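Novice: how would this look folded up:
(chains A and B)
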Amino acid sequence: KAGVTQTPRYLIKTRGQQVTLSCSPISGHRSVSWYQQTPGQGLQFLFEYFSETQRNKGNFPGRFSGRQFSNSRSEMNVSTLELGDSALYLCASSLVGGDRDHEQYFGPGTRLTVT
Amino acid sequence: AQTVTQSQPEMSVQEAETVTLSCTYDTSENNYYLFWYKQPPSRQMILVIRQEAYKQQNATENRFSVNFQKAAKSFSLKISDSQLGDTAMYFCAFMKLYNAGNMLTFGGGTRLMVKP
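Specialist: Presented below is the predicted three-dimensional model:
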């Protein structure tokens, strides 16, 4: 099975712009979660989607949003970019139910640099 | 809110030896999962091992095993026969079992260097 894929892998944006990141989960995985990784704050949960609905949300401003499509692919959007949004954004997918329930498998990440 | 603490920012071990990484967590929950993830320099996060809180038996996966002490809220990872490819950041993570939803709370990580 193919793993979690994320596009693009690298992105450079300017302050004030917006950005959309994409994540394709492992085939059959219906839950997709997003995390932000920075040297200062470490790994922080952004949100989780399941069946096209947001199930959980972390403590991030409303500039961060996401959605999930009927094929379980997910996108996250960051509007009005700030320098502090520079980070590695990780997507993780998981099965719902079964022995492997709750195990999250991560993609390679999108490295976002805001200048 | 849950917190996860990894008190060893960096560790090193000689190839073929054994090393133990520490993790403590704070929660009022009774049902939860604990995980260890590995993030090598390539940055891809890899699931190493999982422990269900309701299971008394410690989880093992080949050279990786855990020492889960629920009362002490401790969850350490033991790597036996360390290999150069084990060089990575290791993150301990907690997941509360809601009726629905997956959300990992991570520790700050331990950088492990395996020396030849």
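Novice: Could you tell me what pLDDT the model assigned to the residue lying closest to A:Gln104 once chain neighbours are set aside?
Specialist: In this structure, A:Gln104 finds its nearest non-sequential neighbour in A:Ala92, 3.9 Å apart by C-beta to C-beta, 6 or more residues apart in numbering or on different chains. No exception for glycine: its C-beta is placed from N, CA and C like everyone else's. Note on A:Ala92: pLDDT of 96.
Novice: thought A:Ala92 was touching A:Val32?
Specialist: Yes. At 7.2 Å, A:Ala92 counts as touching A:Val32 under the criterion of C-beta atoms under 8 Å.
Novice: Now do the residue nearest the centre of chain B, the pLDDT please.
Specialist: Among the residues of chain B, B:Trp36 comes closest to the average C-alpha position under C-alpha atoms, centre = their mean, at 3.0 Å. With respect to pLDDT, B:Trp36 scores 98.
Novice: which non-adjacent residue is nearest it?
Specialist: The shortest distance from B:Trp36 to any non-neighbouring residue, by C-beta to C-beta, 6+ apart, is to B:Val48 (4.3 Å).
Novice: Am I right that the one you found is in contact with B:Lys38?
Specialist: Yes. Counting by C-beta under 8 Å, B:Val48 touches B:Lys38, with 5.1 Å between them.
Novice: In contact with A:Val114, which residues?
Specialist: By C-beta atoms under 8 Å, 6 or more residues apart in numbering or on different chains, the contact set of A:Val114 is A:12-15, A:81-86.
Novice: let's see 7 Å
Specialist: By C-beta atoms under 7 Å, 6 or more residues apart in numbering or on different chains, the residues touching A:Val114 are A:13, A:15, A:81-83, A:85-86.
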